[in-house]
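Chemist: attaching a predicted model along with its sequence, questions to come.
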Amino acid sequence: MYPYNTENDGFKYNDTFTHSSWLLFIKNRLEVVKDLLKEDGLVFIQCDDNEQAYLKVLADEVFGRENYLNQVSVKMKQTSGASGGGEDKRLKKNIEYILIYTKNMNSENGFKKFNDFYDEVELFEYLETMKQLKKSWKYTRILKSVGTKEHIKTLTDGSGEPIEVYTHKGVVLEPIKKVMEEENLTEAECYLKYFDKIMRDTNAQSSIRTRVMEGVTGDHELLSIEYVPRSGKNKNKVTTVYYKGAKCDQIAWLSDIAVKRGKYIFKLEKAGTFWDGFPLNNLTKEGGVLFPNGKKPELLLQRIIEIATDEGDLVLDFFSGSGTTAAVAHKLGRKWIAIEQMDYIDEITKTRLKRVINGEDGGISKLVNWNGGGSFVYFELKRYNQAYQDGILAATSKGELDSIYNEMAQNAFLKFWFDKKDFEREESFRALSLDDRKVLLLQVLDENQLYLNHADMLDSKFKVTQEEIALTDKFYGAPNV
């Protein structure tokens, strides 16, 4: 997530760059991102349409076009009612964009695929659409009972691991319509009552099914197998699969493609590149901290983190803002690093993350059963030009400013165009008011050197203490000297 180069961005960075300086600002950071990414790592860059087209070209240059994966459109604002208003000649902007790149698509250890993720559609709305389109719906039978099972054979998979095969007697399999009539249930009531037992049979082509068909003789109403898959969503877990009839048709469960929540069932649809449904009302207060602009919904970050990472993976946010990425990563069992240079980090970002550790129940907390726990370590970079900036802003007299300037002229990092002789010969500077002098001195400071570079910490002129050096070495590793 990056500053968007608008006048409304909540990050409070210099967000009114010229077009070229904004691209340079982003380019420098994308190059660092690329260096830090693992071979199969992913970067998600969210922006609006002010710079989206140019950002895509820039990211292609940094990461390589072959490493571009997707551009996702995200609904981030509600549209106005019929009265309209807002943007006059232009359509209302309610979409933002996420560019997704990997580091090395063609590497042996490079990116393979996203984790599965789904949109949700209320089941009976979906069924109504199916009827209107005159398409058939296959999940129309209930396996009320699998009867009693009897072990009949042990087969092996391609790795030589066992596949235990069972036959079943006394199976009860009935159409949903028949069950509705017998039990006087509506269609919705029947689906809710028997959600975990509603099924269809499929002609699924798999090596395991082939082994069962070839290895089992005789006519069996229902077979089941127990084995441990070596890949897929049930990897390394004991898994049961059922096969029906002489053709060994594999049974597929409604519960594999849908979820039940209370009185509702939602069908899961593979998500594409348009994402919506995120809570946008009262978003500024999510996480228990007020952040008026630029805050992202926790549900959006949950989707990004879950499709791109596994538990224990490391998530890095270069512009952490109110700390949404770190908060969600923490709740999802990921390690994380959050970077922020604005002064609201103490009141907002750190406060929010402390609330997460203490078990705050907002955002995605209830969805993932978050009850608190964990910890984080907070470091502040050694200030350099930032110290001069703070001194200028706090000065109460021209004499104080003169003292700060004299030290700046000797030790600070100043803008490349600054000429000390010309500046000191400029009589108009002496005539400026205190506030106008502050503005001019702030303009002289190089804002890219607000903090001391790691490589400069051993230079005595920067007055880094031995304690600070020891802590830095422990965090980064000792520099090569």
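Modeler: Structure received. Residues are numbered from 1 along each chain as shown.
Chemist: can you report phi and psi for the one residue sitting closest to the centre of the chain?
Modeler: What sits nearest the mean C-alpha location of the chain, by C-alpha atoms, centre = their mean, is I304, with 2.7 Å. Main-chain torsions, I304, degrees, to the nearest 10: phi -60, psi -50.
Chemist: remind me, longest helix of this structure?
Modeler: Assignment by DSSP state H gives helix 19-36 as the longest helix of the chain.
Chemist: got the angle between the helix or strand encompassing Y101 and helix 19-36?
Modeler: Using DSSP states H and E, Y101 sits in strand 95-102. Interaxial angle, strand 95-102 versus helix 19-36 (axes from the mean of the first three to the mean of the last three C-alpha atoms, to 10 degrees): 40 degrees.
Chemist: about what we covered before: now the residue nearest to the centre of the chain: how far from I100?
Modeler: Distance from I304 to I100, counting by C-beta to C-beta, to the nearest Å: 9 Å. Yep, even glycine has a C-beta here, placed from its N, CA and C like the rest.
Chemist: okay, and the common contacts of these two?
Modeler: F44 (C-beta atoms under 8 Å, 6 or more residues apart in numbering).
Chemist: flag every buried residue along the strand holding Y101.
Modeler: 96-102 (16 or more other C-beta atoms under 10 Å).
Chemist: just stretch 32-41 next, same as before
Modeler: Residues of stretch 32-41 classed as buried under the neighbour-count rule (16+ other C-beta under 10 Å) are 33-34, 37, 40-41.
Chemist: what's in contact with that stretch?
Modeler: Contacts of stretch 32-41 (C-beta under 8 Å, 6+ apart): 43, 62-63, 102-104, 107, 109-112, 316, 318.
Chemist: circling back: how about the residue nearest to the centre of the chain, what does it touch?
Modeler: 44, 98.
Chemist: next one: M457
Modeler: By C-beta under 8 Å, 6+ apart, the neighbours of M457 are 382, 464, 468-469, 472, 479.
Chemist: farthest pair within the buried residues of stretch 32-41?
Modeler: Of all pairs drawn from the buried residues of stretch 32-41, the one with the longest distance (C-beta to C-beta) is V33 and D40, at 14.5 Å.
Chemist: on that earlier part again, what is the nearest of the contacts of stretch 32-41 to F291?
Modeler: Nearest to F291 among the contacts of stretch 32-41, with distances taken as C-beta to C-beta, is F318, at 17.0 Å.
Chemist: counting contacts, what elements does the strand holding Y101 pack onto?
Modeler: Secondary-structure packing of strand 95-102 (3 or more C-beta pairs under 8 Å, 6 or more residues apart in numbering; DSSP states H and E): strand 42-47, helix 52-63, strand 68-75.
Chemist: and the contacts of the last one?
Modeler: Contacts of strand 68-75 from elsewhere in the structure, counted by C-beta under 8 Å, 6+ apart, are 42, 46, 56, 59-60, 94-102, 111, 273-278, 300.
Chemist: quick one: strands adjacent to that strand?
Modeler: Counting by DSSP bridges, the strands paired with strand 68-75 are strand 95-102 (antiparallel), strand 274-275 (parallel).
Chemist: tell me the mean pLDDT over the last one?
Modeler: Regarding strand 274-275, the rounded mean pLDDT is 94.
Chemist: how far off centre is that strand?
Modeler: Relative to the centre of its chain, strand 274-275 is centred 14 Å away, using C-alpha atoms, centre = their mean, to the nearest Å.
Chemist: hmm, who's touching it?
Modeler: 72-75, 300, 303.
Chemist: for stretch 400-410, same thing?
Modeler: 388, 391-392, 395, 414, 420, 434, 437-438, 441, 444-445.
Chemist: just flag the most distant two among these.
Modeler: K420 and L434 (21.5 Å).
Chemist: outline the domain layout of this protein.
Modeler: 19-116+272-357, 127-267, 385-476 (automatic domain parsing).
Chemist: winner for burial among the ones you listed?
Modeler: domain 19-116+272-357 (a mean of 17; mean count of other C-beta atoms under 10 Å).
Chemist: sweet, I'm off.
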